[in-house]
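Q: Got a predicted model here, sequence first, then my questions.
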Amino acid sequence: MSHPFATIWSDAFKTPPNYPPHPPIQRRGNMIKVTVWNEFHHEKTQEPVRKIYPEGIHECIAGFLRKDEEITVRTAVFDMPEHGLTEDVLSDTDVLVFWNHMLQDEFSDEVAERVKRHVQAGMGLVVLHSGHYSKIMRLLMGTSMTLRWRHGDRERLFVTCPSHPIAQGVPAWIDIPEEEMYGEYFDIPKPDDVVFTGWFAGGEVFRSGCTFTRGLGKIFYFQPGHEEYPIYHMPEIQQIISNAVHWCAPFRRLDAPLDNVAVNPSIEEEYRE
Ligand code: ZN
């Protein structure tokens, strides 16, 4: 005797033939593959910056990420061919951590488009400080990404979404003794979450840590990190960037962004076959 619900429930356990799950790219050995990208220009041209980051901001960030047993790290810089962000590198990257400033206009349009495509297909992106105005972020966000700024201020960074994975293990607020002020209005699209909000001694506030989703890709923008101050040496800042790498790592990664799908026959027609 068949179950009385058999007729209406039997279809619920079928996989409709027109909607096969997209094949995910599996992470190799469950490690998160991170590429830390830095413009690496200030450190070579400005002695005070070189003193803080003798091997470059990218090596400082890569250094603390390498202590995490679940993360493998490579680095890339502006001067490499294709800025070190080739198709092969991006295909093998789960999360791209990105810092730039001086050479935003010189950054390749083609490489920026390539990064955008990989984010839409699932690659995670952590954008730091002046990277807000990178070609990559302007492409992905679609707004002007402009803000107000002033050199030489003090920041108090508040956790404003304590339940978020990126805020775990982070104090309720962090005092950054010296930082470049970034203030509102910050012309971003509405974030998914505002995980951190900065207050500056000069009076401004800023949405300092915001998450976005583009396609299958998770994005975290994080304001702290002006190159003249040792901000990426602060343990709390390192904790936030490490958390962000874990949070942005894809569960699902495609070979290409999602495309339109023509559906014929319809789902109902498939069921009746
Ligand atoms: Zn700066």
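A: Yes, it's here.
Q: Residue of the stretch 1-150 of the chain nearest the ion, please.
A: Residue nearest to the ion within the stretch 1-150 of the chain (C-beta to the ion): Ser130, separated by 4.9 Å. The way it works is simple: take the backbone N, C-alpha and C, and place the C-beta from them, glycine included.
Q: quick one, helices of the stretch 151-273 of the chain?
A: For the stretch 151-273 of the chain, the helices defined by DSSP state H, counting those that start in this stretch occupy 235-248, 267-272.
Q: among the ones you listed, which is the most enclosed?
A: helix 235-248 (a mean of 20; mean count of other C-beta atoms under 10 Å).
Q: Counting by contacts, list what that helix packs against.
A: Helices and strands touching helix 235-248, by 3 or more C-beta pairs under 8 Å, 6 or more residues apart in numbering; DSSP states H and E, are strand 32-38, helix 57-65, strand 95-99, strand 124-128, strand 173-183, strand 217-222.
Q: OK, contacts around the nearest residue to Phe186 once chain neighbours are set aside?
A: Leaving aside its sequence neighbours, Phe186 sits nearest to Leu147 (C-beta to C-beta, 6 or more residues apart in numbering; 4.5 Å). Listed by C-beta atoms under 8 Å, 6 or more residues apart in numbering, the contact partners of Leu147 are 132, 182-187, 206.
Q: So which of those residues is the closest to the ion?
A: Distance to the ion across the contacts of Leu147 (C-beta to the ion) is lowest for Tyr182, with 8.2 Å.
Q: Would you agree the closest one is in contact with Arg148?
A: Yes: here Tyr182 lies in contact with Arg148, judged by C-beta atoms under 8 Å, at a distance of 7.4 Å.
Q: Counting neighbours, go ahead and name the busier of these two.
A: Tyr182 (25 against 12; other C-beta atoms under 10 Å).
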